[in-house]
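**Student:** any chance you can model this:
(one chain, ligands or ions: 1)
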Amino acid sequence: MRCPFCRVDNDRVIDSRSIDDGANIRRRRECLSCRRRFTTYERVERQALSVVKKGGVREPFDRDKIRSGLAIACGKRPITEQDIEALVSAIESECYDNYESEVPSRAIGERVMELLRGVDQVAYVRFASVYREFKDARDFVDELEPILASDRAAARMVVGGAAMMAPGAAGPANAGDRAAEAAIEPRGR
Ligand SMILES: [Zn+2]
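**Tutor:** Numbers count the residues shown, from 1 in each chain. Down below sits the predicted model:
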């Protein structure tokens, strides 16, 4: 496997493990040239599945496309490469299990959103805003509203709790503010 850092094709496998119930094998490798480590995944090749896009255009199912869409949405969020890989594998398995030879791109997009929503709300909103191609601010607000409502409730709880514990004290109050900021972060994005 060619090293993603120095491009030299000379590595050794330092760890192999089965993941996703044995559907994939994850190998940790060390480049013998630059000594940096990287990860590869191995999986069974299945019968070709086509994705039917809006307008009827078909293209081969491509897990890398799903992965890159997820990676953009998850940028700078607390989501690891393995988390993303697990999401891609889950979606891929569902597509192959539920569709014979063609899957609508819409079904994939909706499923990505569903799974992402349970993982990280900021990543979810980012993905949704691109995928749903929000036509105007109203659509965007409709999508955000349930998330913001629950975050506002969480922020109130945090701020209220800090105030009760230490009225007027700078330390805990600041901590509460920071927590509140973190909780309402989706509004900034
Ligand atoms: Zn290297």
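
**Student:** doesn't Gly109 make contact with Tyr131?
**Tutor:** Yes. Counting by Cβ atoms under 8 Å, Tyr131 touches Gly109, with 4.8 Å between them. C-beta coordinates here come from the backbone N, C-alpha and C atoms, glycine included.

**Student:** doesn't Cys78 fall inside a helix?
**Tutor:** One correction, residue 78 is Pro, not Cys. No. Pro78 is assigned coil when assessed by DSSP: H, G, I helix; E, B strand; the rest coil, not a helix.

**Student:** give me the number of residues near it?
**Tutor:** 10 (other Cβ atoms under 10 Å).

**Student:** residues contacting the nearest residue to Cys31 once chain neighbours are set aside?
**Tutor:** In this structure, Cys31 finds its nearest non-sequential neighbour in Cys3, 3.9 Å apart by Cβ to Cβ, 6 or more residues apart in numbering. Contacts for Cys3 (Cβ atoms under 8 Å, 6 or more residues apart in numbering) come out as 9-11, 31, 33-34, 36, 38.

**Student:** can I get those in a markdown table with secondary structure, pLDDT and distance to Val88?
**Tutor:** Shown next, in a markdown table, are the contacts of Cys3 (DSSP: H, G, I helix; E, B strand; the rest coil; pLDDT from 0 to 100; distance: Cβ to Cβ, whole Å):
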| residue | secondary structure | pLDDT | distance to Val88 |
| --- | --- | --- | --- |
| Asp9 | coil | 96 | 25 |
| Asn10 | coil | 96 | 28 |
| Asp11 | strand | 97 | 23 |
| Cys31 | strand | 97 | 24 |
| Ser33 | coil | 97 | 29 |
| Cys34 | coil | 97 | 27 |
| Arg36 | coil | 97 | 24 |
| Phe38 | strand | 97 | 17 |
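
**Student:** tabulate those (TSV), appending distance to Asn98 and neighbour count.
**Tutor:** Formatted as TSV, the contacts of Cys3 follow (distance: Cβ to Cβ, whole Å; neighbours: other Cβ atoms under 10 Å):
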residue	distance to Asn98	neighbour count
Asp9	38	10
Asn10	41	12
Asp11	37	20
Cys31	39	21
Ser33	43	14
Cys34	42	14
Arg36	39	13
Phe38	32	15
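
**Student:** I am finished for the moment; much appreciated.
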